[in-house]
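# Provided below for reference: sequence and predicted model.
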Amino acid sequence: MARFTGSLASVTTATFILFVFVLCNNMWLSSSSAAAASVVSAVVVDPMTVTILPPHAGSNRHTMFVPLFPSLPNSSRVSSFSGAGESRRHLQKYDTARMTLHDDLPTTGYYSARLWIGTPPQKFALIVDTGSSVTYIPCSTCQQCGKHQDPKFDPHSSSTYQPVRCNLDCKCDDVMHQCTYGRQYAEMSSSSGVLGEDIISFGNQSELSPQRATFGCANLESGNIYTQRADGIMGLGRGDLSLVDQLVDRGVISDSFSLCYGGMDVGGGAMVLGGISPPSGMVYAYSDPIRSPFYNVDLKELHVAGKRLPLNSSVFDEMDGTVLDSGTTYAYIPEAAYLAFTDALIKELHTLKRIKGPDPNFKDFCFSGAGSDVSELHESFPSVEMVFRQGHKLSLSPENYLFRHSTVRGAYCLGVFQNVNDTSTVLGGIIVRNIFVMYDREQQRIGFWKTNCSDLLARLTATGVLPSTSDKSHSSSYPSPSAPLGPTYHVSSGSKVGSIVFYMSLNIMHSNLEPHITELTQLISMDLHVNGSQIYLLDTISEANGSLTIWVITPPKPAEYMSKAAASVSYLYNTVRFFNFITAHSLLVIVWWQNIIARIAQDGIHLPKSFGKHRITYWYIDSAPDSTWWQNYRNVIIGCILVFVLGFVVLTLRWLWIHRHQYKFPYRPVGSAVPQLELQTM
């Protein structure tokens, strides 16, 4: 009995250990297989060959931007330096908000970005305005607000909205209940209303998490604010209510932001809230935050065709000085500078003819005979240089001071006007077309760098840094967004594949494209051999001749690995899966990625004629965020603990049951007396 009891315990223990090992091993493999589906690494050496590599330790491409100018949270935004010029601020990791700019100067006169406000979020298109210090949107209670792009903001529909209560630091409403705001602009438009606080989100392209911020809820609009298509204004100026100041005060971004407007006939662009590493060749101008609440630069000279205008440098230093205002369409300079500039320009335009402007109500400065190709404008119009203090020069292409004549083909008009309101110099959006402008408030400077702004966000997302290019004078030096930019065919070894993002340009306007987005999604998914649930439209950008769409393809679920593209390896899959489950799944993921990337690289999408011509202009592989050791194996560890606990309980109960029955049948030595049984007679 004792021997038998001991034998039973050994078998049970061995069986239990084997069971635990098999169960944990299967859980471990399943967890690893799921992780492998999203962390396969790729190296693309040419458009036809894609080599998939195993995961590499230490690779992390999730953080696309590294802030350059760190500062302490809630610290003063005026640069703090010691006598030796060394910053006393401590290093801190900041996030950045990467946002696509929409619209363009010729059609709307402004650029806008998308913000989501409230819970659940309500979307708004806001004009990016460095000349305004408050962000505001139309309120649902407004009776004198225009008809804009999106529905008005409804505070009652947001569970996180709070009014800014009346206090000593603000102007209050008539009942002394809520703080108010009011803004009036030079063209006599205005907006006024109450102040509220809610959660603001920056879109899924941004690594900056949603933040609470104060904004205006408009109850009255007039002038251009009333008639504009955009919903409101995103205030990027200096001031307590500025969106930039609020994010800096919360310590979530460094004290810097950047704007990049698209070129003539293109539109679109990029905005980054927070600091990024500047490229080589950036031209800097000093910006004095004490002089005015606007972003001013120390402009000293203007050159036309390499010749300095006969002006005293003080002409650009009157009133507010030279101000950068992203919310202004054109440039406005004092009378003396305007007369000298137009006179020098006329002397250089020998082959062009002076004509009347498109609007008879304005005396525009227009010329015909230059041709329609923007890249060749430098052959007809001279270059212009802005010279800042210390001799730093920013070269302007013709697209930086001209706009197309709306009725005469091959004709252009001067986008620089005389400032009749005051003697300040105001540089609007036209001056910075295809120029990356970094408002480095931490260092009290503004940087300028010529680049192709229309595809800048894609390049930033793909590489994490601003790609270096030479600073050339003419816009023809930069590739046109309508031409195939082509994918970046090299992804560093160890990059973790989380999704594929590609840009597709369509020869169809956004208003005509929007009703057919579902159909377009289905067509693209069929041509790329992916499920409809794996592909979705990230954003749409209006262009002069159509629309630029941004698409995302997410990795398939384990059950979807066996797509048509992977059917050719089904035999190998069946052979391998018995021995190594994770290896088989990883192999199919590799084939899936390889086929999708090859089709995108070859622009293997065929659309009906109703969508016009299309072209994939850019694509890249987005990285998957690194998971911690605990996130990867949490389920495995918890499962093993439960199994061990359950096994311990079972073994304990078994041991108690055996020992209980041993006392009912006591052990008797060999040879002991045994009672005899009586024989019964039949």
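Noted; the coordinates are in hand.
# Pass me the low-pLDDT residue ranges in the protein, would you?
Residues of the chain that meet the criterion pLDDT under 70 lie in 1-93, 461-498, 542-545, 556-594, 617-618, 620-633, 661-682.
# can you give me the helices in it?
Here the chain has its helices, by DSSP state H, at 2-36, 105-108, 224-227, 243-249, 335-348, 456-463, 510-513, 517-528, 570-577, 581-601, 629-664.
# Look at stretch 259-267 and report the distance between its end residues.
End-to-end distance for stretch 259-267, by CA to CA, to the nearest Å: 13 Å.
# May I see the buried residues of that stretch?
L259, C260, Y261, G262, G263, M264, D265, V266, G267 (16 or more other CB atoms under 10 Å). Using the backbone N, CA and C atoms, a C-beta is placed for each residue, glycine as well.
# Which of those residues fall in strands?
L259, C260, Y261 (DSSP state E).
# which residues sit in contact with the first one?
Going by CB atoms under 8 Å, 6 or more residues apart in numbering, L259 touches L101, Y111, V128, T130, G269, A270, M271, S326, V432, F436, V437, Y439.
# most neighbours, which of the residues you listed?
Top of the contacts of L259 by neighbour number is G269, holding 31 neighbours under the definition other CB atoms under 10 Å.
# quick one: it from L457, how far?
Applying CB to CB, to the nearest Å, the value for G269 to L457 is 8 Å.
# any idea where the strands of the stretch 201-350 of the chain begin and end?
211-222, 232-235, 256-261, 269-273, 283-286, 295-297, 299-304, 307-308, 322-324, 331-333 (DSSP state E, counting those that start in this stretch).
# if we can go back for a sec, just the ones in strands among the buried residues of stretch 259-267 now: which is nearest R354?
For these, the minimum distance to R354 (CB to CB) is 28.1 Å, reached by Y261.
# Please name the bridge partners of that closest one.
G269, R433 (DSSP bridges).
# wait, what's in contact with the nearest residue to V266 once chain neighbours are set aside?
Nearest non-adjacent residue to V266, counting by CB to CB, 6 or more residues apart in numbering: S454, 4.9 Å away. Going by CB under 8 Å, 6+ apart, S454 touches G262, G263, V266, G267, G268, G269, P481, L548.
# Please apply the same query to S201.
For S201, the contact set (CB under 8 Å, 6+ apart) comprises L115, W116, I117, P121, P210.
# now swap in N296 and tell me
By CB under 8 Å, 6+ apart, the residues touching N296 are S287, D288, D320, G321, T322, V323, L324.
# The nearest residue to it once chain neighbours are set aside: how many residues sit nearby?
Nearest residue to N296 in three dimensions, chain neighbours excluded: G321, at 4.4 Å (CB to CB, 6+ apart). The number of residues packed near G321 is 18, by other CB under 10 Å.
# G321 reaches Y295, doesn't it?
No - the pair G321 and Y295 fails to qualify as a contact (CB atoms under 8 Å) at a distance of 10.3 Å.
# Near I600, how many other residues are there?
21.
# What's the separation between it and V552?
Distance, I600 to V552, by CB to CB: 12 Å.
# anything in contact with each of the two?
The contact lists of I600 and V552 share I500, where a contact means CB under 8 Å, 6+ apart.
# hmm, back to that, if I look at the residue nearest to N296, how far off is S525?
Distance of G321 to S525, given as CB to CB: 54 Å.
# Same check on T180?
From T180 over to S525 (counting by CB to CB), the distance is 50 Å.
# do the same with H156
For H156 relative to S525 (CB to CB), the value is 39 Å.
# which of the two has more neighbours?
S525 (18 against 8).
# E376 versus that one, what's the distance?
Counting by CB to CB, the separation of S525 from E376 is 40 Å.
# Kindly report the same for T451.
Using CB to CB, we find T451 at a distance of 20 Å from E376.
# before we move on, what about S209?
S209 is 46 Å from E376, by CB to CB.
# Ok, I137 next?
Distance from I137 to E376, by CB to CB: 42 Å.
# In terms of packing, which of these two has more residues around it?
I137 (28 against 14).
# you'd agree the more buried one is up against P151?
No - between I137 and P151 there is no contact, the gap being 10.3 Å when judged by CB under 8 Å.
# For the ones in strands among the buried residues of stretch 259-267, give me JSON lines that also has distance to V649.
Below are those laid out as JSON lines (distance: CB to CB, whole Å):
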{"residue": "L259", "distance to V649": "65"}
{"residue": "C260", "distance to V649": "65"}
{"residue": "Y261", "distance to V649": "69"}
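# ok so, going back, what would the strands of the stretch 201-350 of the chain look like in TSV with distance to R654?
Formatted as TSV, those follow (distance: least, CB to CB, whole Å):
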stretch	distance to R654
strand 211-222	58
strand 232-235	70
strand 256-261	68
strand 269-273	64
strand 283-286	79
strand 295-297	79
strand 299-304	89
strand 307-308	99
strand 322-324	81
strand 331-333	89
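# mind checking which of these is nearest G428?
Set against G428 and scored by CB to CB, these come closest in strand 331-333, at 5.5 Å.
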